[in-house]
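Asker: Here is my input, please return the structure:
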Amino acid sequence: MAYKLRVRLAALEPAFSPLAYKATLIGMLAAAVAIPLALAAIPYLDIFNDMAVQPKGKAQALYGTVAGQSLIVDRMPAAGSVPMNYVAYPLEGQDPKTAELAGEMFKNPLRPTMVVLKRGQKIFHDICRTCHGVEALGDGPIVGPGLFPAPPSLHTKAAREFKDGHIFHVITRGQNAMPSYADRLSVTDRWSVIHFVRALQRSLHPKPKDLTQLEDRKQ
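Answerer: The predicted structure follows:
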């Protein structure tokens, strides 16, 4: 039996080689392991899937590489795209004249209700307080010698006379060392925090009728 098998193997074309046979077998086994692993390492690609299957990834991570370019989960919006409920702001620049122009152009569309004031208070304490301080005196915990430059107090005569649109422009475009917060605060949130700033200003600089109302409440 062994002799007949050797004769048949010798008659094969090309000639049978045990070494080639082993190499082919090992190569097939290696491919069976390597190919699935390689496919798992790249994003799932399917042309006609009707969006039923899409690649998934964790926040702030990569979900594959194509042509040497890393595919990041948190990608920038496509050029020219506009978010939902987006409101374009027409003025550019951080100069005082543009801020004054904004003061003439824009009025606060919100009424200073308790809901609006509480929202403005939360935003001020979460974002603005670090530089401006709890009472907006420019004494926040991250400003001072060896730290960030202190912003001017919002209780100066000039600051109290700024119109709401002026402050809205500064929050939107930034001023001096203060960056723009347009990408972190919605339009409504910016107007809300302005109402709270007005409440802070009025708390340290009350009007005569405010004092009269306070005395009436004490009685």
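
Asker: Hmm, residue 116 is touching residue 195, no?
Answerer: Yes - using Cβ atoms under 8 Å, residue 116 is in contact with residue 195, at 5.5 Å. (C-beta placed from N, C-alpha, C; glycine too.)

Asker: Need the residues touching each of these two.
Answerer: Contact criterion Cβ atoms under 8 Å, 6 or more residues apart in numbering; residues shared by residue 116 and residue 195: residue 110.

Asker: Quick check: can you list the domain ranges of this structure?
Answerer: For the chain, the structural domains run 2-41, 96-218, going by automatic domain parsing.

Asker: now the longest helix belonging to the chain, how far from the chain's geometric center?
Answerer: If you go by DSSP state H, the chain has its longest helix at helix 18-40. Its chain's C-alpha centre and that of helix 18-40 lie 46 Å apart, by Cα atoms, centre = their mean, to the nearest Å.

Asker: then that helix to PDB, C-alphas only?
Answerer: Extracted C-alpha coordinates of helix 18-40, given in PDB (Å, rounded to 0.1, in the frame of the first residue of the first chain):
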ATOM      1  CA  PRO A  18       6.700  17.200   1.600                       C
ATOM      2  CA  LEU A  19       8.400  20.600   2.400                       C
ATOM      3  CA  ALA A  20       6.100  22.500   0.000                       C
ATOM      4  CA  TYR A  21       3.100  20.600   1.400                       C
ATOM      5  CA  LYS A  22       3.900  21.600   4.900                       C
ATOM      6  CA  ALA A  23       4.600  25.200   3.900                       C
ATOM      7  CA  THR A  24       1.300  25.500   2.100                       C
ATOM      8  CA  LEU A  25      -0.600  24.000   5.100                       C
ATOM      9  CA  ILE A  26       1.100  26.400   7.500                       C
ATOM     10  CA  GLY A  27       0.400  29.300   5.200                       C
ATOM     11  CA  MET A  28      -3.300  28.500   5.000                       C
ATOM     12  CA  LEU A  29      -3.600  28.200   8.700                       C
ATOM     13  CA  ALA A  30      -1.800  31.500   9.200                       C
ATOM     14  CA  ALA A  31      -4.000  33.200   6.700                       C
ATOM     15  CA  ALA A  32      -7.100  31.800   8.400                       C
ATOM     16  CA  VAL A  33      -6.000  33.600  11.600                       C
ATOM     17  CA  ALA A  34      -4.500  36.800  10.200                       C
ATOM     18  CA  ILE A  35      -7.200  37.700   7.700                       C
ATOM     19  CA  PRO A  36     -10.100  37.900  10.300                       C
ATOM     20  CA  LEU A  37      -7.800  39.900  12.700                       C
ATOM     21  CA  ALA A  38      -6.900  42.300   9.900                       C
ATOM     22  CA  LEU A  39     -10.600  42.800   8.900                       C
ATOM     23  CA  ALA A  40     -11.500  43.500  12.600                       C
END
